[in-house]
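1. give me the fold of what follows.
(one chain, ligands or ions: 1)
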Amino acid sequence: MNRKKLNIGLFGFGCVGYGLYQVLEKTPTLNATIKTICVKDQNKPRPIPQEHFTFDKNAILCDKDINVIVELIDNADEAFDIVSAALRAGKAVVTANKKMIAEHLAELIDLQYEYKVPLLYEASCCASIPILRNLEEYYDNELLESVEGIVNGSTNYILTKMSAEGQSYQEALSQAQAKGYAESNPLLDTGGFDAKYKLLILSAHAFGGVLKPQDIFNAGIDRISHLEQQYAKEKGLKIKLIAQAFRKGDGTISAFVAPRFIRPSDKLYQVDDVYNGVTLKTVFSEDQFFVGKGAGAYPTASAVISDLSALTYDYKYEYKKINQNKHVEYNNDVLLKIFASCESDYKADVAAYFEETSEQFSNGKHSYTIGTITLSNYIKLYGEKPVSLIVVDTIREEELEAININELVAEI
Ligand SMILES: NC(=O)c1ccc[n+]([C@@H]2O[C@H](COP(=O)([O-])OP(=O)(O)OC[C@H]3O[C@@H](n4cnc5c(N)ncnc54)[C@H](OP(=O)(O)O)[C@@H]3O)[C@@H](O)[C@H]2O)c1
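-> Predicted coordinates for the structure are as follows:
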């Protein structure tokens, strides 16, 4: 089979864009060259000669020689304008922009069908981990029970520093920013938004159904204090920000992002620093685990290269599950076992949100409550009170027997 020659117009030459340029130079077997690079800041010094660059997006979008656009800019709205114009111009597109995809997935799918050109975005979810094409191609819809994991590298780095080195949340965040791991607006990471965008994309490819970002609840790590870290340490647990989507007994799907206590027996326990890890639960093959770097120039560029390579063979997402499951229902009908803590004695107020409580503690300065709560009430409580809510377990019928919450309880 002859591989197609790719003539690339690249948008963005930051961390990932420059990484892609370097990785492409080391991948001579891929029949691809970057013809023109569009960037924004006319005064920024560049590591390669100026003649490669343009500041006019149409210099790329209207260039008939360019058959592939690689979009690696840091602004989701501008990225959507570029990507949709490129698809309309009949150019294939590769992007790493999860926010843009999550906000416009339905329109982007329609554009691909209408203009008969592919849009690939493996790098948008967990950077180097080849998860999307696996979900799309390998797992048949009926066999998948859940997708869950650590999908945001910077929050995992912050939580690792807090847990392993006793750093405060602020110290760990500053270090993540200094190392370039956090987005320019850190709330995108720490508030769980980035993880939510990825979950939306993962869930569409895993189960079908195209949600809007506002349909998926996201709690972040910004309320986690020394108190919960100390509790986790005493119990031999780690706190991780977990994105999860799973199918329930009635066939409906639930998807949300929240911090969770992770036990040593869970494979995600070993996933530290900027690494990402995703566990797929399937009916017949049980758990399967993917791990890899979830951020950084080369890991992200490697996923872009893989998409480019796929384009040379005319690969496109077929969106089989979205097409088959037009009426898949997502809802928040889930029961959680959680640990709710806050700096003052709110325990009476907090308990009102719970289905039942198994443990309450207060020393006048801090209080915590452990018990079961519906996801809907978790969302309400999170919005209404300054509490930190850490999931102990997502309760699925078959697991009810196995959980002994009292084993997790001790005085702080
Ligand atoms: N960094 C990672 O580890 C990582 C991992 C996975 C996915 N991603 C995604 O990859 C994308 C790029 O991230 P990054 O970290 O490489 O960003 P970055 O380092 O901030 O670089 C952004 C680049 O975009 C350019 N740019 C911004 N607006 C533009 C516009 N309207 N037209 C043309 N160029 C424009 C900037 O131009 P100037 O150089 O002129 O400022 C800069 O070169 C984002 O969507 C991000 O979410 C990043």
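2. and the next helix or strand past the lowest-mean-pLDDT helix or strand in the chain?
-> One helix or strand of the chain scores below all others by mean pLDDT, DSSP states H and E: helix 347-351, with a mean of 80. Counting by DSSP states H and E, the next helix or strand C-terminal to helix 347-351 is strand 356-362.
3. what are the buried residues along that next one?
-> The neighbour-count check on strand 356-362 (16 or more other Cβ atoms under 10 Å) flags Thr357, Gln360 as buried. C-betas here are computed from N, CA, C, even on glycine.
4. same question for stretch 112-126.
-> By neighbour count with 16+ other Cβ under 10 Å, stretch 112-126 contains the buried residues Gln112, Tyr115, Val117, Pro118, Leu119, Leu120, Tyr121, Glu122, Ala123, Ser124, Cys125, Cys126.
5. from these, which land in strands?
-> For the buried residues of stretch 112-126, the ones inside strands are Leu119, Leu120, with DSSP state E as the criterion.
6. closest to Ala301 among the buried residues of stretch 112-126?
-> Taking Cβ to Cβ as the measure, Ala301 lies nearest Ala123 of those, at 7.8 Å.
7. could I get the pLDDT score of the closest one?
-> According to the prediction, Ala123 has pLDDT 97.
8. now for the closest residue to the ligand within the chain, how many residues are close by?
-> At 1.9 Å from the ligand, Gly14 is the closest residue in the chain, using Cβ to the nearest ligand atom. The burial count assigned to Gly14 is 15, neighbours taken as other Cβ atoms under 10 Å.
9. which SS class is the nearest residue to it once chain neighbours are set aside?
-> Residue nearest to Gly14 in three dimensions, not counting chain neighbours: Asp74, with 6.6 Å by Cβ to Cβ, 6 or more residues apart in numbering. On the three-state scheme (DSSP: H, G, I helix; E, B strand; the rest coil), Asp74 is labelled coil.
10. so Asp74 sits right up against Phe13, yeah?
-> No: with contact defined as Cβ atoms under 8 Å, Asp74 does not count as touching Phe13 (11.2 Å).
11. and the two? Which one has more around it.
-> Set Asp74 next to Phe13 and count neighbours by other Cβ under 10 Å: Phe13 wins out with 25 against 17.
12. for that one, phi and psi?
-> Main-chain torsions, Phe13, degrees, to the nearest 10: phi -140, psi 50.
13. OK, contacts around it?
-> Phe13 sits next to Tyr21, Ile37, Val39, Arg46, Phe53, Leu72 when contact means Cβ atoms under 8 Å, 6 or more residues apart in numbering.
14. give the buried subset of those residues as a PyMOL selection command.
-> The following PyMOL line selects those of those that are buried, judged by 16+ other Cβ under 10 Å:
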select buried, resi 21+37+39+53+72
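15. can you pull out the helices in this protein?
-> With DSSP state H as the criterion, the chain has helices at 15-25, 58-61, 76-88, 98-115, 132-137, 153-165, 169-178, 187-190, 193-207, 226-234, 297-312, 320-324, 347-351, 375-384.
16. pick out the shakiest of the ones you listed, pLDDT-wise.
-> helix 347-351 - the lowest mean pLDDT of the helices of the chain, at a mean of 80.
17. tell me the residues of this structure that contact the ligand?
-> 11-17, 38-41, 44, 72-75, 78, 96-97, 123, 127, 295-296, 300 (Cβ under 6 Å from any ligand atom).
18. give me the buried entries from these.
-> Buried members of these, scored by 16+ other Cβ under 10 Å, are 11-13, 15-17, 38-39, 72-74, 78, 96-97, 123, 127, 295-296, 300.
19. before we move on, back to that, pLDDT at the residue of the chain closest to the ligand, what is it?
-> pLDDT recorded at Gly14 is 95.
20. for His104, see how far away it is.
-> To His104, Gly14 is 21 Å away according to Cβ to Cβ, to the nearest Å.
21. surely Ala164 touches Asp272?
-> Yes: between Ala164 and Asp272 there is a contact under Cβ under 8 Å: 7.4 Å.
22. compare neighbour counts for these two and give me the winner.
-> Asp272 (18 against 12).
23. the nearest residue to Lys57 once chain neighbours are set aside bridge partners, please.
-> Closest residue to Lys57 apart from its sequence neighbours, by Cβ to Cβ, 6+ apart: Cys38 at 5.5 Å. For Cys38, the beta-bridge partners under DSSP bridges are Phe11, Thr54.
24. number the chain from 57, please
-> New numbering, starting at 57: the last item is Cys94.
25. check what pLDDT the residue lying farthest from the centre of the chain gets.
-> Distance from the C-alpha centroid of the chain, by Cα atoms, centre = their mean, peaks at Gly420 (37.6 Å). On the pLDDT scale, Gly420 is placed at 82.
26. likewise for Ile451?
-> pLDDT recorded at Ile451 is 75.
27. for the one 5 residues further on, same thing?
-> Among the per-residue scores, Leu456 shows a pLDDT of 36.
28. where does the stretch 257-406 of the chain dip in pLDDT?
-> Applying pLDDT under 70 to the stretch 257-406 of the chain picks out residues 401, 403.
29. quick one, strands of it?
-> Using DSSP state E, counting those that start in this stretch, the strands of the stretch 257-406 of the chain run over residues 273-274, 294-303, 309-318, 331-338, 342-349, 391-398.
30. can you redo those as CSV with distance to Gln231 and mean neighbour count?
-> As requested, these are arranged in CSV below (distance: least, Cβ to Cβ, whole Å; neighbours: other Cβ atoms under 10 Å):
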stretch, distance to Gln231, mean neighbour count
strand 273-274, 23, 20
strand 294-303, 17, 24
strand 309-318, 19, 24
strand 331-338, 16, 22
strand 342-349, 18, 15
strand 391-398, 24, 23
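31. nearest to Ile122, of the ones you listed?
-> Across the strands of the stretch 257-406 of the chain, closest to Ile122 is strand 342-349 (Cβ to Cβ), at 29.6 Å.
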